[in-house]
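> Okay, sequence plus prediction incoming.
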Amino acid sequence: MNNSEKDVTLLLNQNIKDNVLLQSNASNVTSTPKQPFFIGVAGGTASGKTSVCNKINNHFRDQHVVLINQDSFYYSLNDNMVQKVHEYNFDHPDAFDTELMLSSMEKLKLGQAVTIPNYDFNRHKRAEPGCKVNPADIIVFEGILVLHDSRVRDLLNMKIFVDEDSDVRLARRIQRLAIERGRNIQNVLDQYSRFVKLSFEEFVLPTKKYADIIIPGGGDNEVAIDLIVQNIRMKLGQHDLCKIYPNIFVMLATFQIKGMHTLIRDVRTTKHDFVFYSDRLIRLVVEHGLGHLPFTEKQVKTPTGCVYPGVIFCSRLCGVSVIRSGESMENALRACCKGIKIGKILIHGQGTNGRQLIYEKLPKDIASRHVLLLDPVLATGNSAVKAISLLVKKGVPESNIIFLNLIAAPQGIHEVCKRFPMMKLVTSEIDASLNENSRVIPGLGEFGDRYFATDDD
Ligand SMILES: O=P(O)(O)OC[C@H]1O[C@H](OP(=O)(O)OP(=O)(O)O)[C@H](O)[C@@H]1O
Ligand SMILES: O=c1cc[nH]c(=O)[nH]1
């Protein structure tokens, strides 16, 4: 195959360039990187693989997506081979440096950046420099033989085979190469019958059986694309702890949310900005948490005389803030729930076992209300356990408690979610761990001191 017909499709998503730059500037990142979701998209020549990848990419504008084309891993041809390029089978598995692709995938899985070859389709050789790729939320590997090697398959979270009638594929190939790119039509047909068709039957088609999803009709199959996108969204939203505890709800990490986290976690952020961006994030957490309240159906008549089939949420609510940091969440709750009663709990003490309940002021009828417990940081879980235990002691059914929180450490999640499996924990991010002083890492420091400007600086 004359490779000049192919586009270099590595890194189609503009977002990734930013990702590369941002991450290469970051140092001393202590959190365990989240594993990227790997998708393999295989199928014969001109089957519609690229349009499937682009459609998936378009649905995830709010996530880091990288598209990597298997063609980037073509071996360079030596000068002798270049002379006889028409004799070369670019559709054979041996044409690809699968070992390099595999090691790149393994590094990306471990959260490491890699350099992908920059294959020059005119010279049939790798060009320098290569292309740096950082781990992303979703990495799509596209290529005719992406499902061929079992080791590559084992690394893929989702395997897709794009299926298209062979006459349609040949017609598209002629259109693409001979009509659009001016190649000699006889050469296109010779190459097709000599290499492309045979390799498809011998190597590409047999990989269809490994696919989780077979898409007939390629990128035009909107139903299939929608189902794939829904499945990926569900998987992406799931931290490993969510698989253990069904009572954790982590907000989907859109760029907006990541941007707010970036600001409030940055040690250089001013007090004013810390409050501004914490407030924005808190408002989102509160809105998200309210979505977990029970509702009943309600039909209303609109000014056009039509009936709107809607819902109304349970109105017997109250908030309970854990003094002091939890008080930062009260305004957002008041803004969302007009006239809501808010109780307070003060828990004091340091470390793992010194937390004591000092003060409480709760609505008298709290036992008959749904309670939104407010505390932006869940670290060891000692404060939360004290607060939830008090609510339960006051007669609040555990299932009526929704704990709203900005960042949660795994240690606190285990402590709270194991002990109170019916309570719901809504958080915007799960952090990596705790340090020796029981501070969340990477964390955001002392939330209360930064929010209420009581730190030393
Ligand atoms: O999970 P834990 O290990 O119990 O830690 C979490 C607690 O720490 C923070 O409060 P802090 O004690 O810093 O007090 P403050 O809100 O008055 O600043 C936070 O608001 C929680 O209440
Ligand atoms: O890291 C932590 C832990 C507890 N409370 C905070 O405000 N930050």
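Okay, I see it. Ligands and ions are numbered 1, 2, ... in the order given.

> residue in the protein nearest to ligand 1?
residue 448 (2.2 Å; CB to the nearest ligand atom). For every residue, glycine as well, the C-beta is placed using N, CA and C.

> In contact with the nearest residue to residue 275 once chain neighbours are set aside, which residues are there?
Nearest residue to residue 275 in three dimensions, chain neighbours excluded: residue 451, at 5.9 Å (CB to CB, 6 or more residues apart in numbering). Neighbouring residues of residue 451 by CB atoms under 8 Å, 6 or more residues apart in numbering: 274-275, 278, 325, 328.

> Measure how buried residue 112 is and give me the count.
Using other CB atoms under 10 Å, residue 112 has 12 neighbouring residues.

> One more: residue 149?
Around residue 149 there are 17 residues (other CB under 10 Å).

> again, but for residue 426
The burial count for residue 426: 23, using other CB under 10 Å.

> partner residues bridging it?
On the basis of DSSP bridges, residue 426 is bridged to residue 249, residue 404.

> Strands of the stretch 51-200 of the chain, start to end?
65-69, 114-120, 125-133, 138-142, 158-163 (DSSP state E, counting those that start in this stretch).

> Of all those strands, which one comes closest to residue 94?
Closest to residue 94 of the strands of the stretch 51-200 of the chain is strand 114-120 (CB to CB; 15.7 Å).

> pretty sure residue 251 contacts residue 428?
Yes: assessed by CB atoms under 8 Å, residue 251 is found in contact with residue 428 at 4.8 Å.

> who has more neighbours, the two?
More crowded of residue 251 and residue 428, by other CB under 10 Å: residue 428, with 23 against 18.

> give the contact list for the more buried one.
Contacts of residue 428 (CB under 8 Å, 6+ apart): 250-251, 257, 261, 281, 284-285, 288, 405-407.

> swap in residue 271?
450, 453.

> let's see it at 10 Å
By CB atoms under 10 Å, 6 or more residues apart in numbering, the contact list for residue 271 reads 449-453, 455, 457.

> follow-up on the earlier one: I'd like the contacts of residue 451 laid out as TSV, including pLDDT, secondary structure and neighbour count.
Shown next, in TSV, are the contacts of residue 451 (pLDDT from 0 to 100; DSSP: H, G, I helix; E, B strand; the rest coil; neighbours: other CB atoms under 10 Å):
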residue	pLDDT	secondary structure	neighbour count
274	98	helix	20
275	98	helix	17
278	98	helix	24
325	97	helix	22
328	98	helix	22
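
> Just the closest of the residues you listed to residue 205, please.
For these, the nearest to residue 205 is residue 278 (54.9 Å; CB to CB).

> Now the closest one: closest residue in space, sequence neighbours ignored.
Nearest non-adjacent residue to residue 278 (CB to CB, 6+ apart): residue 264, at 5.4 Å.
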